[in-house]
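> I'll drop the sequence and a predicted model, then ask my questions.
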Amino acid sequence: MLDAMEQLINGLLYGALYALIGGGFSILFGVMRRFNMAYGSTIMAAAYVSLIPFTRFQAPAVVMVLAGVAMAVLVGLLVEFCCFRFIQKGHELAPLMTTIGALIVITEAIIHATDAVGLRYPSPFGEESLEVGRFLIRPDYLAVAVVGLVCFLVIFWIIHRTRLGLAMRAVAERPEAAQILGVNLRTVNTLTFVLTSALAGVIGFFAAVTVGSARPDLGVFATGKGLVVMVLGGLGSLPGAIAGGLLLGIVEFQATWFLGATFRDIVAFLILFAILVFRPSGLLGSRPH
Amino acid sequence: MDYVIAVASIIGIHALLGLSVYVVAICGQMSFGQQGFFALGAYTAGMCTALWGLGFVPALLLGTLVAALFGFVVGFPALRVRGLYLAIATFGFGEIVRLAFLNVRYTRQIGDRVVGPNGAEGFRHVRWVFDGGVTGLQYLGIILLVLAVVAGFFAWLDRSKLGAKFRAVEEDETAAAMVGINVTQVKVLGFTLGGAVAGLSGSLFIHYSTYIDHDMVALPLAIASVTYPILGGLGSFAGPLLGTVLLVSITEGLRALAELREFIYGALIIVMMIFRPRGLIDEALAQRVAGWFRLRRRTEPA
Amino acid sequence: MRLDARIIMVALLVAVLALPGWALAFQNEGTLRIGGMWALSGGAAFFGKSSLGLATLAMDEINEAGGVKVDGKAVKLTMAAQDDACNAEQGLAAVRRLASVDKVLFSLGPTCSSVAEPVFGTLQKKLGDTSDTGLQLLFFTDTATKFGLAKLSPWVFRNTPDEPGMYDFIVGYLKEKHPELKTVMVSYESDFAHSSATWKGALEPALKKHGHHQVTEVVDWRWQDTEMGAQVTKLRKASADVYFSLTHTISTCASMKEMKRQRVRPKMIVGITSLAGTEVLINCPDVAEGIISPSNFAPITPRAKQIADKAWDKYKADSNIHSVPAYENVHLVKSLIEKAAIKNTEESLLDDRRKVRDQLAAVGSFQGVLGKITMRPESDAVKPRDVDKDMLLVQIKSSKWTVFWAPPSLQQK
């Protein structure tokens, strides 16, 4: 029983990482009504580049995160330029495919540079689990949860308390009306990319820390989890991403504990199907899509 | 020549997979799970010839039928979801099929071999083609014959009332319903046909490769199956065919460039989608080409 | 036509025309072509490239010494390497390219068992059987380890680790030298055939046979999993003496990190054969400290060290249990070519392959880098056309692989 509780706690904390990934996807979808299938590889690129200050200069974690954020923003802007800018409205499948193309290119670049060998990633949060009473809690999961909370607070502040956020919400709700009222769509899109990419930089650091390596399959991992979380929580809904991420974390850990790895994925999909059948707009999504 | 035959065989098999995504797409549903039906067809057909000693044609038929059945079943819950939700749900279906085959063990000792699906170790010894003395060229002929029949069916579909109903549903479901089209019927039929064609593709594949395992029907195949029709164009059945030829040729034809192939593949997708977001053979081009084949009319269509 | 449409059409044309590789003429100016299909891109690129490097090293050594004697003349070797990217469809095309476009005498590889399965499955099952339209290309595999692959065709020979034998030895060694270690816990990757086969086909039977150890816990995860908290917690509770982590580098690193976090410290940890290479030293040398792995190669003799150094310096190729066989195979086939009296012409290619194949089937024992290697005959009931060779146990110490145990013939003086 206590073991299940321990899994529950760790699952909840790990879910924060999923929530962040889903959040990144959701913000972009909310504003641009399009998916960035290359978001996962942006996260991965950030993870790899953030390793460089550490291996070269023994830089502290903060510098690593900044390096990751810088790389992620760079990749994000490239993706925005190559994959989104020139696609006219009304072509829904095209940005899906261009970003898949970008995912392939970025992943291949990393595999090429590293021969697909995972690289050791340091953890500034200690290498042993914390003993909290009868439970072993992972310190890096705790850190992710705390940082995740801070990130979400910052994002909420940006979206609800700044002009950019106002513009983003306007574009999310009624793009044409927003344009008529003077919002520069291109600027908003670009800044949205910058925001989500900066988030991707932070996620990249924590993903690599929790996994323990910078690996070439981080991109697909993040993409898979991000999409599931978005669907669970509701497309474009930030609170939904939080709820969906935490739920996925809890469910996965419990399923692995009670049923083993084989059924963990099956359970996750069954829950996904259940949501799609009974509540297609997601846990906290508003509009049916 | 052997090499060209091999590449043509893969093109033929994958073209069918691309067509299966196409038929579901033209009634407005983007399926990322056709590789699941592919797997169902492959395992079924493989068991037919390798385990139960049935002939090749019954194996193809059964593989197609089983996959079509699953397509029919999937078609109903698919009605409830749309767009990205459907894409994810269908990918989830594909993953469930894959995970199921990862765990299925159904083997029998035949002679000195252990034959049958064997979980993570895969399903080997499907040797109907090679033990039966069918040459590479002959099997390619079989693949192309099947492809021709399926393509012919889709050519007919593109021109028929049923095809028009499909595209009407893709264009605007509400309007289609208002003019009396049974949207449910159309969409479920789309999934059934998609499942059938993907199952046929898988049935042909396992006899070509003699082997299948869960790893071969995962995300990379899902991406490839969707890329063929989207790049090739959803305007006509020829779109997925063209897309398959293009993409497989890139992978094989540029072997000299080794690792750069993946880069080119990804970059090509990006570039092509920017310049032709509806694919190579989009609706406009399809209409124009169809116009060349139509008998001349005195009045121009609107 | 619009510009973009034209560009696309040209691209299509180029790609399609490039297909058959028109430019290749057969054996230009006195060369003999050998081939290999490996994973040179994608997730297994590390292993594929190492094999290519070691094979090229062997080929260069042969060429520098004058080449191969064919029909009284000295002929140089050239290498046609094809990338299968660990993908079955590409492998199926690559094998035909090697056979009929590159026209190689024999092929090394493939790297991935999932490519070897379909490729070997399409080879002829019975030699000279005209009703069998399988391919006729000789394969001398260096890496793909899955049990039973060589049985698929008489054209397949392998110089790969014998895992049932290795784990049988390890269990016996533990029973004899460390009888106080009685409990065993195991982890394996349920979606990676090599891993689950090592558990079910090699370790589990070995444990049953020796009857000394008690298996207190068996956990599994996916080979690309990132989170093993639940499984490691189960291992922590089992707290067995010996832990067999039959997992590849990615999940080994992730799970060993978790073991460290949860302070799980078995007295002995044994890994899978593929671990015995450089990947794990790059990824997680600290938490992998102490892991023992069965291997067929370690740079413990002067010659082995020389080869490993040369391979790295000249080709950036890692010498490990999977890549060194490629080196050994090229050298062996060179000597067999000279015995087989081949003609090395386009017309005689099939005959030549058959002659070399027959030589390989009858070779008996040959000299590998570390010691004697014996090719099992085709009549062998268990593993025909697979090899028996010396094994050693290597252990990670201070971020390096050191020898934990070596057979008397290899022990350093």
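Received, thanks.
> Residue of the stretch 51-200 of chain B nearest chain A, please.
Residue nearest to chain A within the stretch 51-200 of chain B: B:Gly92 (4.5 Å; Cβ to the nearest Cβ). C-betas here are computed from N, CA, C, even on glycine.
> Show the pLDDT at that residue.
If you check B:Gly92, the pLDDT there is 90.
> Contacts only, for it.
A:269, A:272-273, B:33 (Cβ atoms under 8 Å, 6 or more residues apart in numbering or on different chains).
> Would you mind giving both backbone torsions of it?
Dihedral pair for B:Gly92: phi -60, psi -40, per degrees, to the nearest 10.
> Close to chain A: what parts of the stretch 1-150 of chain B are there?
Within reach of chain A by Cβ under 8 Å from any Cβ of the partner chain, the stretch 1-150 of chain B has these residues: B:30, B:77, B:80-85, B:88-89, B:92, B:95-96, B:99, B:102-103.
> which one among those residues gets closest to A:Met5?
B:Leu99 (28.1 Å; Cβ to Cβ).
> Among the contacts of B:Gly92, which lie within helices?
A:269, A:272-273 (DSSP state H).
> Top of the residues you listed by number of neighbours, please.
A:Leu272 (21 neighbours; other Cβ atoms under 10 Å in any protein chain shown).
> contacting residues for that one?
So A:Leu272 contacts A:228, A:231-232, B:88-89, B:92 (Cβ under 8 Å, 6+ apart).
> And the pLDDT at it?
85.
> same check, this time on A:Phe135
For A:Phe135, the model assigns a pLDDT of 86.
> Could you measure from the residue nearest to it when sequence neighbours are not counted over to C:Glu258?
Among residues not flanking A:Phe135 along the chain, A:Glu6 sits closest, at 4.5 Å (Cβ to Cβ, 6 or more residues apart in numbering or on different chains). As judged by Cβ to Cβ, to the nearest Å, A:Glu6 and C:Glu258 stand 13 Å apart.
> what residues are up against residue 156?
Went with chain A since none was named. A:Leu238.
> Can you look at chain C instead?
Counting by Cβ under 8 Å, 6+ apart, C:Val156 has contacts C:120, C:123, C:139, C:141, C:149-150, C:385.
> any bit of the one helix or strand B:Leu69 maps to sitting next to chain C?
Assignment of secondary structure by DSSP states H and E places B:Leu69 within helix B:56-78. No - Helix B:56-78 stays clear of chain C (Cβ under 8 Å from any Cβ), getting no nearer than 14.1 Å.
> next one: stretch A:247-260
Yes - using Cβ under 8 Å from any Cβ, we find that stretch A:247-260 touches chain C at A:252-253, A:256-257, A:260.
> Give me the contact list for that stretch.
A:3-4, A:7-8, A:10-18, A:225, A:228-229, A:232, A:263-264, A:267-268, A:271, A:283, C:219-220, C:227, C:229-231, C:233.
> what do you get for stretch C:92-101?
B:1-3, B:5-7, B:10, B:136, B:208-209, B:252, B:255, C:20-21, C:24, C:35, C:37, C:80, C:82-84, C:104, C:107, C:118-119, C:122, C:135-137.
> and that stretch, how far out from the chain's middle?
With Cα atoms, centre = their mean, to the nearest Å as the basis, stretch C:92-101 stands 20 Å off its chain's centre.
> pull the CA atoms of it into CSV?
Written as CSV, here are the backbone C-alpha positions of stretch C:92-101 (Å, rounded to 0.1, in the frame of the first residue of the first chain):
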residue,chain,number,x,y,z
LEU,C,92,15.7,-6.0,-48.3
ALA,C,93,16.6,-3.5,-51.1
ALA,C,94,20.2,-3.2,-49.9
VAL,C,95,20.8,-6.9,-50.1
ARG,C,96,19.8,-7.0,-53.7
ARG,C,97,21.9,-4.0,-54.4
LEU,C,98,24.9,-5.7,-53.0
ALA,C,99,24.1,-8.9,-54.8
SER,C,100,23.3,-7.6,-58.3
VAL,C,101,24.5,-4.0,-58.6
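> Quick one: mean pLDDT over the helix or strand containing C:Asp313.
Element membership for C:Asp313 (DSSP H and E) is helix C:302-315. Helix C:302-315 shows a mean pLDDT of 94.
> Over to stretch C:114-129?
Mean pLDDT, computed over stretch C:114-129, is 92.
> quick one, what contacts the closest residue to chain A within the stretch 101-250 of chain B?
Residue of the stretch 101-250 of chain B nearest chain A, by Cβ to the nearest Cβ: B:Ile230 (5.2 Å). Residues counted as contacts of B:Ile230 (Cβ under 8 Å, 6+ apart) are A:93, A:96-97, B:25, B:243, B:273, B:279.
> Try it again at 6 Å.
A:93, A:97, B:279 (Cβ atoms under 6 Å, 6 or more residues apart in numbering or on different chains).
> Now do the helices in the chain.
Because you didn't say which chain, this covers chain A. Secondary structure of chain A (DSSP H): helices located at A:2-32, A:39-57, A:61-79, A:93-114, A:139-161, A:163-173, A:175-180, A:185-211, A:218-233, A:238-259, A:261-278.
> Can you look at chain B instead?
B:2-25, B:34-46, B:56-78, B:83-103, B:128-131, B:136-159, B:161-171, B:173-178, B:183-209, B:219-232, B:238-253, B:260-275, B:283-293.
> A:Arg174: which of those helices is closest?
Of all the helices of chain B, helix B:83-103 comes closest under Cβ to Cβ, at 19.2 Å.
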